[in-house]
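>>> coords please:
(2 chains)
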Amino acid sequence: MDMQKPVRVRFAPSPTGFIHVGNVRTALFNWLWAGRLGGTFMLRIEDTDAERSEARYEEQLMEDLRWLGLDWNEGVGRGGDCGPYRQSDRYGIYREYARRLLDEDKAYRCFCSAEELDAVRQEQAAKKETPLYSGKCRHLPQGEVDEKLRAGAPFTLRLRVRPGTVGFDDLVFGRVEIATSMVSDPVLLRSDGSPTYNFCCVIDDALMRITHVIRGDGHLPNTHRQVLAYEALGFAPPRFAHLSTILGPDGQKLSKRHGATSIEEFRRRGYLPEALVNYLALLGWSPATDGEEIFSADEIKAQFDLGRVVKSPAVFDPAKLDWMNRTYINKTPGEVLAKTARPYFEEAGLVADADADPDPAATDAWLGRVIDLVKTHVDHLDQLPAASGVVYGFADAAGGETAVPPEAPLALEDAARAALAPPEARAVAEEFARLAYGRERLDSESYREMLGGVKAATKQKGRNLYHPIRAALTGRDSGPDLERLIAVYEDGARLGLPRKVASCKERLRAFLAML
RNA sequence: GUCCCUAUCGUCUAGUCGGCCUAGGACACCGCGCUUUCAAUGCGGCAACACGGGUUCGAAUCCCGUUGGGGACGCCA
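Residues are numbered from 1 along each chain as shown, chains lettered A, B, ... in the order given. You can find the predicted model right below:
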């Protein structure tokens, strides 16, 4: 265990589906550990399950990692001197080691059929016994083996598990030790000659000089088998660190029915990668200092310590993720958010597709101001178009995902109508409108001047002054700061957007006519 | 069934050698303040050591048991 050795860790997913938050947290902890210690973070693809592995999942998974900023510096897509990094490209290597184990009698051929083994297991289960391999083929006389081979009988290769105990010192769970009598002789090679996970994993981690295996705690029992395999192969085992499972709010393993779980889905819904990374890092790990929880990836990297990872499973809390995402959204300037948020506005028909937009830069700049106005109301970016109703003029689809009416007229909400009902309120609104109509150009500065004019003419102030103006201008009785909103209305009106943004004068005329 | 792991507020967690813990922080929730309004924000509140035995002058912290939760027992990974 010399700590001088450069740290090498790997993330080794199977491309059998969309990658979910649990896997990503594993990748993240590997990435953080490598980053903290200035080591190598490798991506290896475990596609020995030919049935379920698909190339598109591999693509997706790499895209997800890149999006999150979990860049790997060796492995699939990056190369390196320990390749190939896809297990399906390494079968020759596994065969070679299997041969060696067989020659050294550390492994043996098992001629039991899958059906046979299954029957035995069922029998054992029925008798309430621990289902274990009987060891039937462990000591087959050589003559019998030769005979079966001559007859072309299919066989698997099993590791000969030694008596005694196996154990290892897990970086998060501590010493874990069991009697080898509790572990069946693991199958190394299937009857079709393909290698199994436990075998590939050991050979790859050894050959790729992995120093720390950081993975889900579902592998904890596998680790015993793997340690035995390391022994048989004559390799020194790496350090292990097992991460507890992430559960859904009901305490069950996180799955699709808990809502969004795939990274792809979080991205689609407008979660920021830095928020997801921050949240996931705090699931099972915490910094040594109490208090602050908002950290950049680099800040986390600087403090990350496997020794501070908790052993018990953590429940994924969407509400806290939302809070964190909100925090990041509010920290990020609208003009920056506009780049990632624009597609949501395009989809809602509020801005033209970028390639059909005569001046996309102007649109983005304006969109950034809209976003700054309404972003404190959203949990994730895909809610932005609906939250922008106050600018576009449609009635707020409260909670509605993308319910943005394309051609609806300006909507005067009941609360705004009520706010304008008293004669004094109406007088304020009309005086404001009169001043606005008389002006060529409206902006934040002229708004302040007009406000003074209305104040002088109507003798109203405070709420009685602002509220009617807000209602007559926005059709609502609450919303963002008027001074900034007015400029956004005016500039939006000049932009020629697919869904026209009404100017202040147009709004005043329309709303006052509705009373 | 057998084996392994695990157990602090509703949730994420701090608590690293037992005393500094009348158990701290964050999310959620509730209240108050700020603000023309809403949101944001600031302040405050509610809320936990699963249970039972030990060991000890002293236990959330150590030991045993009970209960709850998770996992494994595959020619899946």
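>>> give me the below-cutoff pLDDT ranges for chain A.
A:1-4, A:256, A:260, A:395-408 (pLDDT under 70).
>>> try it again at 80.
Scanning chain A for pLDDT under 80 picks out A:1-5, A:251-252, A:254-260, A:394-409.
>>> how's it carved up into domains?
What the record gives for chain A is the domain set A:8-85+A:247-318, A:90-243, A:333-408, A:414-513, from automatic domain parsing.
>>> could those be laid out in TSV, adding distance to RNA strand B and mean neighbour count?
(Glycine included, C-beta is placed from N, CA and C.) Shown next, in TSV, are the domains of chain A (distance: least, CB to the nearest atom of the strand, whole Å; neighbours: other CB atoms under 10 Å):
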stretch	distance to RNA strand B	mean neighbour count
domain A:8-85+A:247-318	3	18
domain A:90-243	3	16
domain A:333-408	4	18
domain A:414-513	3	17
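>>> to A:T327, which of these lies closest?
domain A:8-85+A:247-318 (5.9 Å; CB to CB).
>>> please state the offset of that closest one from the chain centre?
Its chain's average C-alpha position is 8 Å from that of domain A:8-85+A:247-318, according to CA atoms, centre = their mean, to the nearest Å.
>>> before we move on, back to that, looking at the domains of chain A, which is closest to A:M324?
Of those, nearest to A:M324 by CB to CB is domain A:8-85+A:247-318, at 4.8 Å.
>>> and A:D477, what does it touch?
A:E413, A:A415, A:A416, A:A418, A:A419, A:H467, A:R470, A:A471 (CB atoms under 8 Å, 6 or more residues apart in numbering).
>>> turn the domains of chain A into TSV, including distance to A:N325.
Formatted as TSV, the domains of chain A follow (distance: least, CB to CB, whole Å):
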stretch	distance to A:N325
domain A:8-85+A:247-318	4
domain A:90-243	23
domain A:333-408	6
domain A:414-513	20
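>>> I'd say A:L28 and A:L280 touch.
Yes - here A:L28 reaches A:L280: they are 5.5 Å apart, a contact under CB atoms under 8 Å.
>>> tell me, what residue is most central in chain A?
A:I263 (3.5 Å; CA atoms, centre = their mean).
>>> give me the contacts around whichever strand or helix holds A:A456.
Per DSSP states H and E: A:A456 is located in helix A:444-458. Outside of helix A:444-458, the residues within contact range by CB under 8 Å, 6+ apart are A:424, A:427-428, A:431-432, A:435-436, A:439, A:460-461, A:465, A:469, A:482-484, A:486-487.
>>> redo that, cut-off 10 Å
A:424-425, A:427-436, A:438-440, A:442, A:460-462, A:464-466, A:468-469, A:473, A:481-488, A:490, A:504 (CB atoms under 10 Å, 6 or more residues apart in numbering).
>>> next SSE after it?
helix A:463-474.
>>> what's the first helix or strand after that following helix?
By DSSP H and E, the next helix or strand past helix A:463-474 is helix A:482-493.
>>> show me what that following helix is packed up against.
helix A:360-374, helix A:389-392, helix A:444-458, helix A:463-474, helix A:504-513 (3 or more CB pairs under 10 Å, 6 or more residues apart in numbering; DSSP states H and E).
>>> who are the contact partners of the nearest residue to A:P249 once chain neighbours are set aside?
In space, and not counting its chain neighbours, A:P249 is closest to A:V315: 6.1 Å by CB to CB, 6 or more residues apart in numbering. A:V315 makes contact with A:I246, A:L247, A:G248, A:P249, A:D250, A:G251, A:Q252, A:L254, A:L283, according to CB under 10 Å, 6+ apart.
>>> and A:V315, what are its bridge partners?
A:L247 (DSSP bridges).
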